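Novice: coords please:
(one chain, ligands or ions: 1)
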Amino acid sequence: MPNEARVLIVGLGLIGGSLAAALRAVGYAGTIQSCDPDAGEIARGIEMGLIDHGDTRLASLVEGATLIVLAVPVLAMRSVMQELADLLPREALSGTAPRVVITDVGSTKAAVRDCALAAFGELPAGLVLGHPIAGSEKSGVAASNPQLYIKHKVILTPSRETAPAAVARVQTLWRACGAEVLEMDVERHDQVLARTSHLPHLLAFSLVDTLARQDERLEIFRYAAGGFRDFTRIAGSDPVMWRDIFTANRDAVLSSLDDFEAGLGRLRQAVEAGDGDAMLSIFDRASHARHYFDSLLNQTSYQVEYQMQQQGKLTFRAAPGGRVAGRIRVPGDKSISHRSIMLGALAEGVTEVKGFLEGEDSLATLQAFREMGVAIEGPHQGRVTVHGVGMHGLKAPAGPLYVGNAGTAMRLFAGLLAGQGFDTELIGDASLTKRPMGRVADPLRVMGAKIDTAEGGRPPLKIHGGQKLKGITYDMPMASAQVKSCLLLAGLYAEGETRVREPAPTRDHTERMLAGFGYEVHREGDTCWLNGGGKLTAAPIDVPSDISSATFFLVAAAITPGSNLILEHVGINPTRIGVINILKLMGADLHLTNEREVGGEPVADLHIRYAPLKGIDIPLDQVPLAIDEFPALFVAAACATGTTRLRGAEELRVKESDRIQAMADGLATLGVEHTVLEDGIDIVGAGEREVAYGGGRIDSLGDHRIAMSFVVASLRAGEEIVIDDCANVATSFPGFTELARTVGLHVEEEDAGNTEERA
Ligand code: S3P
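Specialist: The predicted structure follows:
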């Protein structure tokens, strides 16, 4: 609650009135006064109980005010600031704890800052410029709405001169009204608004005016359908208000208009030259960006991070019991999907991909290549067409490449981008930002790459292009396919031979796919190598179902008496089948049928029926081959007879979460006996007891595999298992809960505050 004796709102319209209304609604105990040139508005504000007192003259109100909010139009700021400068003693606005704080709500910030400088001769410590991103088509104090700011963003743009204590007071004011407060510098604020709001208005006004001029009788509008209507709705906005905004935010609007004109020029050229690839590339990128934006539209967010925070709110509820039967196909392999886009983009020719995983991780890779100028069609039901640009055809992206939760994307990109002629920056979500990237940055630097990381070798990664890379021989300190693949991709651009030795076999999809694209990759024992300077030739890719996703259903069937399940078309690359070997060692009734090879990768149908499981010591050589499957295997262990012991799995601690600890915490909630070790875990299973453990509330820590594992655990639980922070399941397994329900699990999705089942 604001600790202000008196709030003075200058300008009692919709924005100022709603602020007063919101403060009243939350029980603000101080005095609220207001100044407005319209005495009628003041009288209405008092009558509505929004303000205690008001006047048309500022002079009579300033004394005693501790927080002054300027809610007047931007072009009226100059005179109001001047009046305040004349009325307020300078020391009231100075020092580390100014007695009086002034803030504003103007929609452009540099212009308001200039008014302040002109009036005060400096930026006072007590001045905190701000902009609530909220409004309505209505105006006047009568339209005040106490909820106008709830869950809306307020952007504050403090300067170097602003006292942190003053910023804190303005934050408190807006948070009390239910708003989320964030900070930006003035220039960024004006650029962001120029691009997201002012430019579209300008274009709409201009298009309608252009057409109207061409047809004085406005006949043409009779034939204008949905496209015209959608594009130009905002051309009906208030002309005076927009004149003021374009006057106040002139420079930022002009710079966004320059960018727009350049983009329009590129498109014009493509149309003129009949360059279908260029058109496709532009339209595809735009269409996907628009779809992505659609998913943000129901919120008011400006930044991806806020979307992520929202997503964190998805909860799964898994009722105890159920059975597992049927014939299903799980989505495409994540590792292969990432690589299909990467190699397809660098190839010469058109790569047709089937079975592509439409999960957020691989979509992030796809979007990143679009941002580097690659035309990519789809995905439509797993089909993607990549129009390769050749080894040297990528273009510098306009901004940082955001790869979300995807470690594979970030690490493989690091190698690929180290060899490009332009600079790039790789950023990810909160989980990825904690993961180690030194494991790729270090050997890449030895190859001659220039890469900056944040502290401790964490993302973001800043890659300086235009470096000459040379091949190296690298002894990997950990068994990592991502590190191996990163170096091989950098090796494509390096002079001479790039050799990587792995301490244990890791997935070899990169090597297989490179070979499929006609690039020679050699292997002898634990070492593989290639020579730089070659080229890739497009080839069709048929992505098998992901054995890592199939694992959840393998374990589900393995622990549930009476189950009988067939998983079709699952990739059974020998470097990925640890889960099959481990489950068989535990006694699972699991058979491979219909074994065949598609596009260089072996696949099979997996048939699993319930059989009692026994605890085992997991063979060390199986650990890298089942590295992503352990969360689910821990659930199998909890249902087996005896103890299962895992060692040599310290890599689990640096996955999307610390998977040893995350699983141990969840197992503890269920009451499963276990002992955590640095590199593994011992789990004491319940054996054939029908109810193997209890239920409870589990935090998945935003890790998709932790979330899905505990859904599977519900089959043998005595009570409901509620799993929080599940939105990231969409990174690897879109449609998981739906598929789980079709085979007999009882799981529902629940958004925060919404108990509806989502289809
Ligand atoms: C992957 C390699 C593995 C795996 C990840 C995908 C890949 O990571 O855990 O899910 O596609 O190369 P590491 O290389 O870090 O073991």
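
Novice: and the closest residue to H198 other than its chain neighbours, what does it touch?
Specialist: In space, and not counting its chain neighbours, H198 is closest to V253: 5.0 Å by C-beta to C-beta, 6 or more residues apart in numbering. For every residue, glycine as well, the C-beta is placed using N, CA and C. Neighbour list for V253: A194, H198, L199, L202, F246 [criterion: C-beta atoms under 8 Å, 6 or more residues apart in numbering].

Novice: distance of V253 from A194?
Specialist: As judged by C-beta to C-beta, to the nearest Å, V253 and A194 stand 5 Å apart.

Novice: Could you point out which residue ranges in the stretch 401-550 of the chain have low pLDDT?
Specialist: For the stretch 401-550 of the chain, no stretch has pLDDT under 70.

Novice: how about the helices of it, start to end?
Specialist: 407-418, 430-433, 438-446, 481-491, 509-516, 547-559 (DSSP state H, counting those that start in this stretch).

Novice: Let me know whether the first one sits next to the ligand.
Specialist: Yes. Looking at helix 407-418 against the ligand by C-beta under 6 Å from any ligand atom, the contacts come from T408.

Novice: about what we covered before: adding distance to the ligand, write the contacts of V253 out as TSV.
Specialist: Shown next, in TSV, are these (distance: C-beta to the nearest ligand atom, whole Å):
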residue	distance to the ligand
A194	40
H198	43
L199	39
L202	45
F246	49
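
Novice: So which of those is surrounded by the most neighbours?
Specialist: A194 (24 neighbours; other C-beta atoms under 10 Å).

Novice: Would you agree E568 falls within a strand?
Specialist: Yes. Using DSSP: H, G, I helix; E, B strand; the rest coil, the assignment for E568 is a strand.

Novice: Could you find the closest non-adjacent residue to it?
Specialist: If the residues on either side of it in the chain are set aside, E568 comes closest to R329, at 4.5 Å by C-beta to C-beta, 6+ apart.

Novice: Isn't the one you found up against L565?
Specialist: No. R329 is beyond contact range of L565, at 11.7 Å (criterion: C-beta atoms under 8 Å).

Novice: So between the two, which is more surrounded?
Specialist: More neighbours surround L565 than the other of R329 and L565, with 24 against 16 (other C-beta under 10 Å).

Novice: What is the burial count for the closest residue to K450 other than its chain neighbours?
Specialist: With sequence-adjacent residues excluded and distances taken as C-beta to C-beta, 6+ apart, K450 is closest to H464, at 3.8 Å. When neighbours are defined as other C-beta under 10 Å, H464 has 14 of them.

Novice: Offset the numbering so it begins at 13, please.
Specialist: Let's use 13 as the start, then, which means that last one is H476.

Novice: Kindly report the domain assignment for the chain.
Specialist: 18-196, 204-286, 328-337+559-763, 346-554 (automatic domain parsing).

Novice: Mean pLDDT lowest where, among these?
Specialist: For the domains of the chain, mean pLDDT drops lowest on domain 204-286, to a mean of 89.

Novice: The residue nearest to H210 sits in which helix or strand?
Specialist: In this structure, V265 is located in helix 262-285 according to DSSP states H and E.

Novice: May I have the secondary structure class of A644?
Specialist: A644 ends up helix, using three-state DSSP.

Novice: That one and T563 touch, don't they?
Specialist: Yes. Using C-beta under 8 Å, A644 is in contact with T563, at 4.8 Å.

Novice: shared neighbours, these two?
Specialist: Common neighbours of A644 and T563 (C-beta under 8 Å, 6+ apart) are V591.

Novice: Quick check, T78 in contact with R18.
Specialist: Yes. If you go by C-beta under 8 Å, T78 and R18 touch, sitting 5.6 Å apart.

Novice: can you list residues touching both of those two?
Specialist: Residues within reach of T78 and of R18 at once, by C-beta under 8 Å, 6+ apart, are G42.

Novice: which residue ranges form the helices in the stretch 113-262 of the chain?
Specialist: Going by DSSP H, counting those that start in this stretch, the stretch 113-262 of the chain shows helices at 122-132, 176-188, 198-205, 211-226, 238-244, 251-260, 262-285.

Novice: for the ligand, what are the nearby residues on the protein?
Specialist: Neighbours of the ligand within the chain, by C-beta under 6 Å from any ligand atom: S347, T420, S492, A493, Q494, S497, R519, I639, D640, E663.

Novice: how far away is the third one from L526?
Specialist: So that's S492. S492 sits 18 Å away from L526, going by C-beta to C-beta.

Novice: Same question for the fifth one.
Specialist: With distances taken as C-beta to C-beta, Q494 is found 15 Å from L526.
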